[in-house]
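Colleague: Just the structure for this:
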Amino acid sequence: MFYTEGINIESDSKLVKLPHNTLDTQNYMAACDAAIIKAGWGSIAEGLIGHTQLLLIEREGVLEDSFMIELLKSEKLAASIREDQLQELDFTEISKKISHIDANKLQTVKNDLNSVVSKILNIV
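Modeller: Below you'll find the predicted structure:
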C-alpha cells in the first residue's frame, strides 16, 4: 500500500510512504489496482489515464469535489467514500463500492488531453 506523507496509516499490510517531493506519482497511480484519493482534477486525471479504480473522498462543503464525484459515479468511472469512513477502512465495503465501476469503460480512457477533458466536461 502506497501513501503520501501527512497521512497516518496503520495496517498489517506492507506500507510504503511516499515523500511529498516524489516525482512521477502518476506511475504509482497507474501501478495500483485502486486508489483512495481526494477528488482533485489532477489526481482524477492521473487515475483515469492509468485506468485505476478510484474511490474518491467526499469532503463536506467542497462543491467542486462533489460535482466531480457525482459526474464520475454517474459515468461509472469512480466510487466514493465519506471522509469520516477513512478512520477504519472496511475492505469488504470498499470492494463492494469499486465493483460498481465499469472496468471496461475505464479501460477506454486514453492518455490525451482531448479525451480526458471530454470525459471531465461531458455534461457541461
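
Colleague: Could you list the residues in contact with stretch 57-76?
Modeller: Contacting residues not belonging to stretch 57-76 are listed as 36-41, 44, 54, 56, 78-83, 86, 100-102, 105, 119-120, 122-123 [Cβ atoms under 8 Å, 6 or more residues apart in numbering]. In short, each C-beta sits where N, CA and C put it, glycine included.

Colleague: Those in helices, which ones?
Modeller: Of the positions in the contacts of stretch 57-76, 41, 44, 105, 119, 120 sit in helices, assigned by DSSP state H.

Colleague: can you give me the strands for the chain?
Modeller: With DSSP state E applied, the chain shows strands at 2-4, 16-18, 34-38, 53-58, 78-82, listed in chain order.

Colleague: Figure out which of the ones you listed is closest to residue 95.
Modeller: Using Cβ to Cβ as the measure, strand 34-38 is the one of these that comes nearest residue 95, at 8.8 Å.

Colleague: still on that earlier bit, take the strands of the chain and lay them out in CSV including mean neighbour count.
Modeller: Listed next are the strands of the chain as CSV, based on neighbours: other Cβ atoms under 10 Å:
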stretch, mean neighbour count
strand 2-4, 14
strand 16-18, 11
strand 34-38, 18
strand 53-58, 22
strand 78-82, 20
